[in-house]
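Visitor: Based on what follows, work out the 3D shape:
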Amino acid sequence: MSPTRGIPKSLTGISGFDDLTLGGLPTGRPTLVCGSAGCGKTLFASTFLINGARHHDEPGVFVTFEERPVDIVSNVSSLGFELDQLVADEKIVLEHIAVDPAELAEIGEYDLEGLFLRLELAIEQVGAKRVVLDTIESLFSAFSNPAILRAEIRRLFDWLKDRGLTTVITGERGDGALTRQGLEEYVSDCVILLDHRVQDQISTRRMRIVKYRGTAHGTNEYPFLIDEDGFSVLPVSSLGLDHKVMEDRISSGVPDLDAMASGGGFHRGSSILISGVAGSGKSSLAASFAAAACGAGERALYFSFEESAAQAARNMRSIGIDLQSWLDEGRLRYIAARPTFYSLEMHLAVMLREVNRHAPDIVILDPISAFLDTGNRAEVQSMLLRVIDYLKNRGISAVFTHLTHGTIDSAMTDAGLSSLMDVWVLMLNRETGGEFNRELYLLKARGQAHSNQVREFVLDNDGIRLLPPYLGEDGALTGSARRVAEARARRTEVDRLAEIERVARRLEERRRKAEAQIAALTAEIEADADELADLRRNEDTYQRQAQDDADALKRGRRV
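Guide: Alright, predicted model coming up:
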């Protein structure tokens, strides 16, 4: 929701509630907070009053008709509120008014003048701007005439409004009505219903703004927490599709997996689903994401619904992932809880509260399939959708592991989350040759080109590796079948290389023989050429000698 113009409002300081109401409770008007016993009405009112005195310079008056002031101080001290100090500093007045119906008689025009006088004195004592009346049933228990009861309730509310007091009035839930009298909600400007319900032996607290005059507000039921931090509300249903988009990448901690996506790694702020059968390595890969983030100087928040922190640290150490050092350093926060420990809404509230506390860069939920036993599929999907939107709006990367039961079809239908994810990594155990081997598929990576190859997923002391695909005659081979096929291929390659070498040697031998024969023939030809040259020289000598002899004969005949 975006802020809108309307009536002035007073901040309560209750986490999430002020966002939900776009500013808090109506200033100068009464607000009715109703619900059954133990739902948190008094704590809501106390938080509103104490935060006003502490942070907004608005002193207050707390009028209790049931609990003694010392009990109220003790009840809120565990939350660090130090109400007694605020009383000592005259920022808050605690006023206890005991109303015993047995001692009252309803005669004629009996009214609440005594209450107004005491309120007036307490308000003037500290200059109060805020007032709490806890609870209204005790105040009106003496009235049995509906006409007088209605008139006095309206008179009380008008008296508070005329003095411009921002008031919280608590009331018990009635049968078929928000309160026992069934009148207060009609004269209140704002009505807040707190509900503490138990279903399948699991309790949850939810809040709904039934009415808020003069302003827009959230109308759904919202989970709220009461814990060591006090009262907090998470209005996550108002989230929309205005998620942050970032171009930088996060690493999975497995270089081979990062290389399967273009650009290396996955977009920051992505929702990453790692689904697979039992023992396929889902938690190991999720832990690798967390360790990679911590190693990059970032913060990681790990929600585990199966293993404790010590068990996870020990198990991951066997594959070269050191979670303990990051736990010790504080970069990794590990929260372990059984899914049945809380309701779905309470798990949601706890997770989002821890996200706000730790301010992580990456959040891991391992496994989300554990919630399927705590609620129906639609409720689980709704809860996880809120988590996804909440994290995306803050640019936080999220990794979800999900247990499937052997087939891709079951992975698609369980919890119905695959369509909500930006990245989907599917892991399987394939039985071949009497052994199970792990395989990894990168089925989806929105906004990124990615490999469609099946990779063998290997866990060993050196960490996580993805082996390149080996395609045999019957498809991709893994494990022993892969090693046998690779050995067979190596032997075939050795034999082929040996045959090539044998043929090469034979050719070389023939070449040498041919060259020797050529050399011999060349030598014979050269010898014949030398002999021919000698014959030609002898012939030339013979011809010259014959000519000389003929010339000598001619000369002798002339004499």
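
Visitor: number of nearby residues for the closest residue to residue 47 other than its chain neighbours?
Guide: Once flanking residues are discounted, residue 47 sits nearest to residue 231: 5.0 Å by C-beta to C-beta, 6 or more residues apart in numbering. Every residue, glycine included, has its C-beta placed from N, CA and C. For residue 231, the number of neighbouring residues by other C-beta atoms under 10 Å comes to 25.

Visitor: so which strand or helix has residue 231?
Guide: strand 230-233 (DSSP states H and E).

Visitor: continuing past that strand, what's the next helix or strand?
Guide: Next along the chain from strand 230-233, counting by DSSP H and E, comes strand 249-250.

Visitor: That following strand: partners in the sheet, and parallel or antiparallel?
Guide: Here strand 249-250 is paired, per DSSP bridges, with strand 266-267 (antiparallel).

Visitor: roughly how far is the strand it pairs with from the heart of the chain?
Guide: 14 Å (C-alpha atoms, centre = their mean, to the nearest Å).

Visitor: now swap in stretch 31-45 and tell me
Guide: Going by C-alpha atoms, centre = their mean, where stretch 31-45 is centred and where its chain is centred differ by 32 Å.

Visitor: what pLDDT, on average, does that stretch get?
Guide: What stretch 31-45 shows for mean pLDDT is 88.

Visitor: cool, stretch 307-315 as well?
Guide: Averaged over stretch 307-315, pLDDT sits at 92.

Visitor: Can you give me the buried ones in it?
Guide: Using 16 or more other C-beta atoms under 10 Å as the test for burial, stretch 307-315 gives 307, 309, 312, 313.

Visitor: Just the closest of the residues you listed to residue 76, please.
Guide: Closest to residue 76 out of the buried residues of stretch 307-315 is residue 309 (31.5 Å), distances taken as C-beta to C-beta.

Visitor: hey, where'd the strands end up in the stretch 1-150 of the chain?
Guide: When assigned using DSSP state E, counting those that start in this stretch, the strands of the stretch 1-150 of the chain occupy the ranges 9-10, 25-26, 30-35, 60-64, 92-96, 130-134.

Visitor: JSON lines for those strands, including distance to residue 205?
Guide: JSON lines is the format used below for those (distance: least, C-beta to C-beta, whole Å):
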{"stretch": "strand 9-10", "distance to residue 205": "23"}
{"stretch": "strand 25-26", "distance to residue 205": "19"}
{"stretch": "strand 30-35", "distance to residue 205": "9"}
{"stretch": "strand 60-64", "distance to residue 205": "22"}
{"stretch": "strand 92-96", "distance to residue 205": "26"}
{"stretch": "strand 130-134", "distance to residue 205": "18"}
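
Visitor: Mind checking those for the one nearest to residue 464?
Guide: That would be strand 30-35 among the strands of the stretch 1-150 of the chain, by C-beta to C-beta, at 50.1 Å.

Visitor: which helices and strands sit right next to the closest one?
Guide: helix 41-55, helix 146-162, strand 166-172, helix 184-187, strand 190-199 (3 or more C-beta pairs under 8 Å, 6 or more residues apart in numbering; DSSP states H and E).

Visitor: Residues touching it, excluding its own?
Guide: Contacting residues not belonging to strand 30-35 are listed as 25, 41, 44-45, 136, 157, 160-161, 166-173, 178-179, 184-185, 187-196 [C-beta atoms under 8 Å, 6 or more residues apart in numbering].

Visitor: ok, it: who's next to it in the sheet?
Guide: strand 166-172 (parallel), strand 190-199 (parallel).

Visitor: Looking at the strands of the stretch 1-150 of the chain, spot the one closest to residue 332.
Guide: Nearest to residue 332, of all those, is strand 30-35, at 38.2 Å by C-beta to C-beta.

Visitor: Identify each buried residue in that closest one, please.
Guide: By 16+ other C-beta under 10 Å, the buried positions in strand 30-35 come out as 30, 31, 32, 33, 34, 35.

Visitor: May I see the residues you listed arranged in CSV, with distance to residue 333 as well?
Guide: Formatted as CSV, the buried residues of strand 30-35 follow (distance: C-beta to C-beta, whole Å):
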residue, distance to residue 333
30, 42
31, 36
32, 39
33, 33
34, 37
35, 33
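
Visitor: what's the average pLDDT for stretch 447-462?
Guide: Throughout stretch 447-462, pLDDT has a mean value of 84.

Visitor: Can you give the contact residues for that stretch?
Guide: Stretch 447-462 is contacted from outside by 256, 259-263, 266-267, 280-281, 284, 318-320, 422, 427, 437-442, 444, 464-470, 476, 478-479, 482, using C-beta under 8 Å, 6+ apart.

Visitor: go on, stretch 311-323?
Guide: With C-beta under 8 Å, 6+ apart, stretch 311-323 has contacts from 253, 283-284, 287-288, 290-291, 302, 304, 307, 309, 324, 327, 332, 334, 459-464.

Visitor: ok, the spatially closest residue to residue 335 that is not a sequence neighbour - contacts?
Guide: Setting aside the residues directly before and after it, residue 335 is nearest to residue 303 in space (C-beta to C-beta, 6+ apart), at 5.3 Å. Residues in contact with residue 303 (C-beta under 8 Å, 6+ apart) are 335, 336, 337, 351, 354, 363, 364, 365, 366.

Visitor: Can you list which of those are found in strands?
Guide: Counting by DSSP state E, the contacts of residue 303 place 335, 336, 363, 364, 365, 366 in strands.

Visitor: pLDDT at the last one, what is it?
Guide: Same thing as residue 366. Residue 366 is assigned 89 on the pLDDT scale.

Visitor: Can you report how many residues lie near residue 62?
Guide: Per other C-beta under 10 Å, the neighbour tally for residue 62 reads 29.

Visitor: same question but for residue 98, I mixed them up
Guide: Neighbours of residue 98 under the rule other C-beta under 10 Å: 10.

Visitor: now it, nearest residue through space, not along the chain?
Guide: Sequence neighbours aside, residue 65 is the residue nearest to residue 98 in space, at 7.3 Å (criterion: C-beta to C-beta, 6+ apart).

Visitor: ok, then the element right after the lowest-mean-pLDDT helix or strand in the chain?
Guide: Every helix and strand in the chain was compared by mean pLDDT, DSSP states H and E; the lowest is helix 408-413, with a mean of 46. Tracing the chain past helix 408-413, the next element assigned as helix or strand by DSSP H and E is strand 423-432.

Visitor: which other helices and strands contact that following strand?
Guide: Helices and strands touching strand 423-432, by 3+ C-beta pairs under 8 Å, 6+ apart, are strand 271-276, helix 282-295, strand 435-445, helix 479-558.

Visitor: closest one to residue 73 among those?
Guide: In terms of C-beta to C-beta, the element of the helices and strands packed on strand 423-432 nearest to residue 73 is helix 282-295, at 42.9 Å.

Visitor: What's the mean pLDDT across the closest one?
Guide: In this model, helix 282-295 has a mean pLDDT of 94.

Visitor: ditto for stretch 492-502
Guide: For stretch 492-502, mean pLDDT is 87.

Visitor: go on, stretch 252-261?
Guide: The model assigns stretch 252-261 a mean pLDDT of 90.

Visitor: Adding distance to residue 222 and mean neighbour count as columns, could you present the helices and strands packed on strand 30-35 in JSON lines?
Guide: Formatted as JSON lines, the helices and strands packed on strand 30-35 follow (distance: least, C-beta to C-beta, whole Å; neighbours: other C-beta atoms under 10 Å):
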{"stretch": "helix 41-55", "distance to residue 222": "13", "mean neighbour count": "23"}
{"stretch": "helix 146-162", "distance to residue 222": "26", "mean neighbour count": "16"}
{"stretch": "strand 166-172", "distance to residue 222": "18", "mean neighbour count": "26"}
{"stretch": "helix 184-187", "distance to residue 222": "19", "mean neighbour count": "19"}
{"stretch": "strand 190-199", "distance to residue 222": "11", "mean neighbour count": "18"}
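
Visitor: Go through the ones you listed and find the least confident stretch.
Guide: Looking at the helices and strands packed on strand 30-35, the lowest mean pLDDT belongs to helix 184-187 (a mean of 64).
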